[in-house]
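**Student:** Give the three-dimensional model of this entry:
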Amino acid sequence: MSVRNRWSLSINLLVYSWVMRLLVPLFLARLWWRGRNQSGYRAHLWRRLGWYGSVPASRPRKLIWIHAVSVGETLAIAPLIERLLGDRDDLSLLITSTTPTGAAQVRQRFGERVFSDWIPFDTPGAVRRFLTHWQPRVGVFVETEIWPNMVVQA
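**Tutor:** Residues are numbered from 1 along each chain as shown. Next up is the predicted model:
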């Protein structure tokens, strides 16, 4: 990649990051509003900002992080998750979602066999805190949910 292309990419990411930071209050307000009818949207809002109360007592080794946006993506990736859980005792899995129904599907289908969390908003700070907290070895994004700051930092 040429210096000019790298510079252009850096400027684009910088502008995108600032726009995302400015939109976070609107995102939070939207989640709060949606939470009137579906309380799951109000659950753990601080995790969407990458804020965690404490570091886990024992951080999982060889953590594979799989992001499945909602129920459909969780169902699509379920055979792979089952295979990884069955074949590899040395691996831990973290499944992230963006919707309460997706998170509920993860809990219902896999229970305590996996870690479950919300994916943070795509701001540099939230992503950094999320990655520092979980420290995944590998990240897998199901379908087309790709966030620039997440991809750059991961």
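**Student:** contacts and neighbour counts: CA atoms only from here.
**Tutor:** Noted.
**Student:** What part of this protein, helix or strand, is modelled with the least confidence?
**Tutor:** Within the chain, no helix or strand scores below helix 148-153, which has a mean of 70 by mean pLDDT, DSSP states H and E.
**Student:** ok, the residue nearest in space to the middle of the chain - contacts?
**Tutor:** Most central in the chain under Cα atoms, centre = their mean is I119, positioned 2.4 Å from the mean C-alpha point. Neighbouring residues of I119 by Cα atoms under 8 Å, 6 or more residues apart in numbering: R47, R48, H67, T96, S97, T98.
**Student:** so what's the fourth one up against?
**Tutor:** With contacts defined as Cα under 8 Å, 6+ apart, T96 is in contact with W65, I66, H67, A68, V69, A103, S116, D117, W118, I119.
**Student:** of all those, which comes closest to Q38?
**Tutor:** Using Cα to Cα, A103 is the member of these that lies nearest Q38, at 12.8 Å.
**Student:** can you point me to the longest helix in the chain?
**Tutor:** For the chain, the longest helix by residue count, based on DSSP state H, is helix 3-34.
**Student:** Name the residues of that helix that come out as buried.
**Tutor:** Of the residues in helix 3-34, those scored as buried under the neighbour-count criterion (16 or more other Cα atoms under 10 Å) are Y16, S17, M20, R21, V24, L28, L31, W32.
**Student:** about what we covered before: quick one: which two of the contacts of I119 are the most distant?
**Tutor:** Looking at the contacts of I119 by Cα to Cα, the two members farthest from one another are R47 and H67, with 14.8 Å of separation.
**Student:** Report the lowest-confidence entry in the contacts of T96.
**Tutor:** Scanning the contacts of T96 for pLDDT, the low point is V69. It has 85.
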